[in-house]
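J.: Next input, structure requested:
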Amino acid sequence: MPSDDVLLDAAASVLAARPAASMDDVARAVGVSRATLFRRFPTRSALIGTLCRQAVESFVAATDPAGATEDADPALALGALVGRLVPLGARYGLLATQPVEDLVERELLERAAAGEQRVRALVREGQQAGAFRVDVDPEWVLTALTWLLVGVADGVRLGRLAPARAEAYVTDTLLRLTVRDPR
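T.: Alright, predicted model coming up:
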């Protein structure tokens, strides 16, 4: 019987490839019986909730400057952040399109707050340093980053975007949004 980590890894892979996959699909892909899967996760919603918690914890860790070698240049720091987040988008991005219960959503938003604050702070620091546009709200940058990660993950999943270019697409778009015109 696979550990919960192995089961969750396989479930995340299945749902990243096929967001509408059923619990039967997940059980088959993991190599366990439907009953085994349901003993660990009594509903699809419980499985999605657990994966969403894992995604949020990974997001918060990826935004932690203590775990990164951030450059003093805000644009390079933002690019490095995107580099850490794109793999998470590929793994968890489409979970953002899955419905979760209100209580779970509130919990996820509370857990994500520290990482979101770090993204906003990075943008504000870039603005104060004169590197980033001051007319772009840090909240908009966070929102754009979130949905760019989801969008690039879906584009790759559908075969419309090259996986090797995913990070470059997100980085280029985000930098065009934030970096000041040097004129």
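
J.: Spatially nearest residue to Val82, not counting backbone neighbours?
T.: Nearest non-adjacent residue to Val82, counting by C-beta to C-beta, 6 or more residues apart in numbering: Thr171, 4.6 Å away. Heads up, the C-betas are built off the backbone N, CA and C, glycines and all.

J.: what's around the one you found, how many residues?
T.: Close neighbours of Thr171, defined as other C-beta atoms under 10 Å, add up to 19.

J.: Over to it. Which of the three states is it?
T.: helix (DSSP: H, G, I helix; E, B strand; the rest coil).

J.: Report the contact partners of it.
T.: Contacts for Thr171 (C-beta atoms under 8 Å, 6 or more residues apart in numbering) come out as Leu78, Gly79, Val82, Gly83.

J.: So the first one is in contact with Leu122, correct?
T.: Yes: counting by C-beta atoms under 8 Å, Leu122 is a contact partner of Leu78 at 6.2 Å.

J.: If you count surrounding residues, which of these two has more?
T.: Neighbour count, other C-beta under 10 Å: between Leu78 and Leu122, Leu78 has more, with 27 against 23.

J.: Now do the same contact list for that one.
T.: With contact taken as C-beta under 8 Å, 6+ apart, Leu78 is in contact with Leu122, Val123, Gly126, Thr171, Leu174, Leu175, Thr178.

J.: Okay, the most centrally placed residue in the chain and Gly155: tell me how far apart.
T.: Centroid check for the chain by C-alpha atoms, centre = their mean gives Gly89 as the closest residue, at 4.0 Å. Counting by C-beta to C-beta, to the nearest Å, the gap from Gly89 to Gly155 is 11 Å.

J.: okay, and the common contacts of those two?
T.: Shared contacts of Gly89 and Gly155 (C-beta under 8 Å, 6+ apart): Ala166.

J.: out of the contacts of Thr171, who's nearest Arg44?
T.: Val82 (30.7 Å; C-beta to C-beta).

J.: Count the residues that sit near that closest one.
T.: By other C-beta under 10 Å, the residues close to Val82 number 24.

J.: How about the helix or strand containing it, which residues are buried there?
T.: If you go by DSSP states H and E, Val82 is part of helix 74-92. Of all the residues in helix 74-92, those buried under the rule 16 or more other C-beta atoms under 10 Å are 74-75, 77-82, 84-92.
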